[in-house]
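Trainee: the sequence and its predicted three-dimensional model are supplied below.
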Amino acid sequence: DINEDSENHIAVSEKARASRDPLDTHEPPPFKDQGALYFFRPDWDQELPRFNQDARNNLGEGQVWDFEVLKPRLSQGEIRFTSVQDIPIVNDVVLINLSNTTPHDVRVNNTYSFRSVSTITRLKLLVGTKSFVEEERRKCIPSSFALHQNYPNPFNPSTTISFDIPQESQVSVMIYTLLGQKVATLVDGVLAPATYSMVWDVRANGADQVATGVYLYRLIVNGSVVSTKKMLLTK
């Protein structure tokens, strides 16, 4: 929301090597609370592990580019992909946010908007045949139901709640007072297997209706409570 980080590239080149090579260039160090996008490769350089370019020797059946977005302000972010048309049309191009693993088809929409759930958001760009991309996507599906601690906590006025769904299920995420009064419903419906992140902004309930204090949030799957956690709203 306060800066852009526009010089980041993936590449396929005969000059590239499996290890670090001259095509793999460093990302400038982050400045104060500005955001940054980079490839985190401590195997290339332990002291300066952030790179703004990651080149591969060939695409083959497919490649996975892991990268991170640093956003200390936990603000809304946007990733824009250019030159997607230069990737052979026989290959799928899919983005996976590991905090919210619903796949994003970059060929359909070259802009991806997201809300940070922690200072660092980890993502994967999958480029390859349909079978390769589908297999890599399945690896991102969680193996069990889980409810994660909200972030930030304590919070004001909003926080993000993440949870894992390993199989298609009827899912509800509810927020309650300590006395059991329901305050908000973040989701109530059938969800596909994935990791999800939902934002609770108390202003949506009316700021005067939500008091400072401890709240409970609960993951309910197919009518059964899976997990309940606490969070603290400060004002």
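Mentor: In hand now; what should we look at?

Trainee: drop to CA atoms for contacts and neighbour counts, all remaining ones
Mentor: Will do.

Trainee: show me the shaky parts of the chain.
Mentor: Applying pLDDT under 70 to the chain flags residues 205-208.

Trainee: show me where it has helices.
Mentor: According to DSSP state H, the chain carries its helices in the segments 130-139.

Trainee: what sits against residue 91?
Mentor: With contact set as CA atoms under 8 Å, 6 or more residues apart in numbering, residue 91 has these partners: 62, 127-130.

Trainee: could you rerun that using 7 Å?
Mentor: 127-130 (CA atoms under 7 Å, 6 or more residues apart in numbering).

Trainee: over to residue 235?
Mentor: 156, 212.

Trainee: how much space is there between it and residue 210?
Mentor: Residue 235 sits 10 Å away from residue 210, going by CA to CA, to the nearest Å.

Trainee: as a markdown table, the contacts of residue 91 with neighbour count and distance to residue 5 would be great.
Mentor: Formatted as a markdown table, those follow (neighbours: other CA atoms under 10 Å; distance: CA to CA, whole Å):
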| residue | neighbour count | distance to residue 5 |
| --- | --- | --- |
| 127 | 24 | 22 |
| 128 | 23 | 26 |
| 129 | 19 | 29 |
| 130 | 15 | 30 |
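
Trainee: for the residues you listed, which one is nearest residue 44?
Mentor: The closest of these to residue 44 turns out to be residue 127 (CA to CA; 22.1 Å).

Trainee: what sits closest to the closest one if chain neighbours are left out?
Mentor: Nearest residue to residue 127, sequence neighbours excluded (CA to CA, 6 or more residues apart in numbering): residue 93, at 4.7 Å.

Trainee: how much space between that neighbour and residue 196?
Mentor: Distance from residue 93 to residue 196, by CA to CA: 21 Å.
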